[in-house]
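S.K.: task: produce atomic coordinates for the following.
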Amino acid sequence: MAEIIEFSVITCPSCGHQASERMPTNACQFFYECTGCSEMLKPKQGDCCVFCSFGSVKCPPIQAGEGCHDG
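M.R.: Have a look, this model is predicted:
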């Protein structure tokens with residue numbers, strides 16, 4: 001099994017601000033407040049979490065092939 005990456009760089013689609021964030025390993029994160037403009041991000045349709053929509057790395061449950069985990 002591949003090593004799970006726990007950090008992802010999330011990019012705000014509104015202002016372009018980027019922040020490296022540690023992802024929850026046992027759940028999908030549905031909301032994220034941008035630290036640049038305070039926009040509340042939600043996953044795009046079809047994605048399980050904000051990291052799958054706006055992050056540089058998919059969330060740990062998806063990396064592990066487990067699918068979405070409700071938090």
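
S.K.: what's the closest non-adjacent residue to the residue nearest to the spatial centre of the chain?
M.R.: The chain has Phe51 as the residue nearest its centroid, 1.4 Å off, counting by CA atoms, centre = their mean. Among residues not flanking Phe51 along the chain, Cys59 sits closest, at 4.5 Å (CB to CB, 6 or more residues apart in numbering). Bear in mind the C-beta positions are built from the backbone N, C-alpha and C, glycine included.

S.K.: my guess is the one you found contacts Ser53, does it?
M.R.: No. Counting by CB atoms under 8 Å, Cys59 does not reach Ser53; the two are 10.0 Å apart.

S.K.: these two: which has the busier surroundings?
M.R.: Legend: neighbour count by other CB atoms under 10 Å for Cys59 and Ser53, higher for Cys59 (29 against 20).

S.K.: tally of neighbours for the nearest residue to Gly36 once chain neighbours are set aside?
M.R.: Closest residue in space to Gly36, ignoring its immediate chain neighbours: His17 at 2.7 Å, by CB to CB, 6+ apart. Applying other CB under 10 Å, we find 13 residues neighbouring His17.

S.K.: can you pull the contacts of the residue nearest to the centre of the chain?
M.R.: Listed by CB atoms under 8 Å, 6 or more residues apart in numbering, the contact partners of Phe51 are 8, 10, 21, 23, 28-29, 57-59.
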